[in-house]
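Undergrad: Sequence plus predicted model, see below.
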Amino acid sequence: MTIVGISIKALKAKKLSSFLSVLLVAFGMAIITTLILVSHQLTQKLESNAANVDAVVGAKGSPLQLILSSVYFIDFPTGNIPLQNFEEIKRNKMVKKAVPIALGDSYEGYRIVGTEPSFLQLHQLQIAEGKLWSKNFEVVIGADVAKAKNLKLGALIYGSHGLTTGAEVHEEHPYRVVGILSKQNTSADQLVLTPLSSIWGMHHHEEIIEEEQDITSILIQYRSPVSTVLFPKMINEQTSLQAASPAIESARLFSIVGIGFDVLHYFAILIMVIAAVSVFVTLFTSLKERKYDLAVLRILGASKQQLFFMMLIEGVILTFTGALLGLAAGHTLVEILGSLDGASQVLFSGYLFLNDEFYVLWAGIGLGIIAAIIPAIQVYRYDIAKILNN
Amino acid sequence: MIILSGITYTYPDTKTIHFKDLTIKSDEHCLVLGNSGSGKTTLLNILTGLLKPSSGIVNINQQDLYQLTGNDLDQWRARHLGIVFQKSYLIPSLTVSENLRVAQKFAKLKEDKNRILEVLEQLQISDKLNHYPKQLSVGQLQRVSIARAVLNKPKYIIADEPTSSLDDENAKAVLDLFLAQAAANQAGLIIATHDKRVKDCFQNTYQI
């Protein structure tokens, strides 16, 4: 019989209140773990997607929408701009790289992106299998697309109009898969890339008319950081276009989402505090009936320190068990979130373990010690003669 | 050998009791008699190192008890004295066997299942080895608490009112158990009681 063994048996004897304490800790921990995992992966995703994009130029409208649609490929585009704008901006001295993007079609929910080979360079995409397109209606697909739809090189796919599934399918123009990208862990994994002219060809069944060569937006990389201020100012004032910065917009997005995160965070902390109180109450009320047993342990030779330690252990067992269960629940929840249909653009993994979680685990242990310290001190101070003769 | 000399104890309400000097030789038995409230329990607490007397010396087997402090006193008590309280005070979340193993553990002795079985058999309660205290009758609980007291082969078995709530027949049986255990473990037996029925079995009595 070890002290820990005695503690465990004592907790098992009051299953209901122990269970309640463990449940509360687990619930709080699950929320905190989920928040840690989701915000970490969201931040990482946002950053890696926007890694080489300094600005996006597109039609006037919401800058956040422009960024979401052109960098993260989640929202709808703000509208079209003439290809001519691209030619002008490309020649601008401040611009090192300019990559056109044309959105509008999709394949089974995956976005078809009309662009130029420079898109691959900008995002540092590697072709794992096959090669880059050499003519219209050839596509290079992201790793996730290939895996999910089990597509091999040479496969034919049909795009449909619009960015959601179930719309009209362009049956007359199949795309041929000529390349598959290596896994990037960015939204590029979920894209179908094709030359701009494929997109134009799809919608104008005759010859492509020069004036109707529209694109959705232009991804910009600056020559020097100085342009961060000057370039958007120039675009916004001198043209009918707008320039938006992924860094600014994703920070803005995070400050909006962040309120929700903060609220959840405080909620989780509140639950943890309630859990600590529950552990305290469990231990404290049990002392009323257990003080005789504990006093007898002293008669049997147990030291004050051993009893003190025993109470702390009981608190820590409760919170540590809860913390472990909460961690497991949090990871499971995130994994489920990540595997849900329709969440294909922002994939979360539950199989990611972060250092922050260890701190939270330590915090769980600390919580148990704090909750148990008063009962433990009380036990330490027991006047055994008084207790046993009443 | 137990030697009490010059023991006085002053209660928080300033009432002071003077206890007569007492010597009990090893393997001698002694009955501490006194009415309720006369200070029997106080004397037992002083004798077992639970309550420091206001003055006087408690010497057991050449050890001046109150020279020991803190954990040393707890350890010494666990090794040398087997105490049986009026209630059994077994730990309800542990089985009979586990309750006894705890007694070996805290006395820093090796866990000895054979010894546990031996004691339980002597007390005719070995079939309850894996029962929890709440599954036992009051009489069985008392036997387990006696088993726990004698488990570590103490030099003295000290019991407080072990028979007061029992009828004549059971009182006799419990007394016989104590005497048998004292003999089996070569221990001295000290029983505090106001129960006159116990008196006949003891040569030494100490009246408070």
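TA: Noted; the coordinates are in hand.

Undergrad: Show me which positions of the longest helix along chain B end up buried.
TA: Across chain B, the helix with the greatest residue count (assigned by DSSP state H) is helix B:168-184. Across helix B:168-184, burial judged by 16 or more other Cβ atoms under 10 Å in any protein chain shown covers B:171, B:172, B:174, B:175, B:177, B:178, B:179, B:181, B:182. Just so you know, the C-beta spots here come from the backbone N, C-alpha and C atoms, and that holds for glycine as well.

Undergrad: Which single one of those is nearest to residue A:6?
TA: Among the buried residues of helix B:168-184, residue B:181 lies closest to residue A:6 (Cβ to Cβ), at 25.8 Å.

Undergrad: about what we covered before: name the helices or strands packed onto the longest helix of chain B?
TA: Counting contacts by 3 or more Cβ pairs under 8 Å, 6 or more residues apart in numbering or on different chains; DSSP states H and E, helix B:168-184 is packed against helix B:113-122, helix B:138-150, strand B:156-160, strand B:188-193.

Undergrad: can you do 7 Å?
TA: The criterion is 3 or more Cβ pairs under 7 Å, 6 or more residues apart in numbering or on different chains; DSSP states H and E, and the helices and strands that helix B:168-184 contacts are helix B:138-150, strand B:156-160, strand B:188-193.

Undergrad: With distance to chain A added, can I get these in a markdown table?
TA: Below are the helices and strands packed on helix B:168-184 laid out as a markdown table (distance: least, Cβ to the nearest Cβ, whole Å):
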| stretch | distance to chain A |
| --- | --- |
| helix B:138-150 | 8 |
| strand B:156-160 | 8 |
| strand B:188-193 | 11 |
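
Undergrad: Would you mind listing what in chain B touches chain A?
TA: With Cβ under 7 Å from any Cβ of the partner chain as the criterion, chain B meets chain A at residues B:41, B:45, B:50-51, B:71, B:74-75, B:77-78, B:83, B:85, B:89, B:91-94, B:98, B:101-103, B:105-108.

Undergrad: So how do I select the buried members of those residues in PyMOL?
TA: Selecting the buried subset of these in PyMOL, with 16+ other Cβ under 10 Å as the burial test, is done by:
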select buried, chain B and resi 41+45+50+51+74+75+77+78+83+85+89+91+92+93+94+98+101+102+103+105+106+107
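
Undergrad: Among the residues of chain B next to chain A, which ones are in strands?
TA: With strands taken from DSSP state E, the overlap with those comprises residue B:83.

Undergrad: Okay, angle between the longest helix anywhere in chain A and helix B:138-150 too, please.
TA: Ranked by residue count, the top helix of chain A under DSSP H comes out as helix A:246-299. Relative orientation of helix A:246-299 versus helix B:138-150 (axes from the mean of the first three to the mean of the last three Cα atoms, to 10 degrees): 90 degrees.

Undergrad: and helix A:246-299, what other elements does it pack with?
TA: Short answer (3+ Cβ pairs under 7 Å, 6+ apart): helix A:246-299 packs on helix A:15-49, helix A:63-70, helix A:304-339, helix A:355-380, helix A:384-388.

Undergrad: elements contacting the first one?
TA: Using 3+ Cβ pairs under 7 Å, 6+ apart, the elements in contact with helix A:15-49 are helix A:246-299, helix A:304-339, helix A:355-380.

Undergrad: Show me how far the longest one is from its chain's centre.
TA: This points to helix A:246-299. Centroid separation for helix A:246-299 versus its chain: 24 Å, with Cα atoms, centre = their mean, to the nearest Å.
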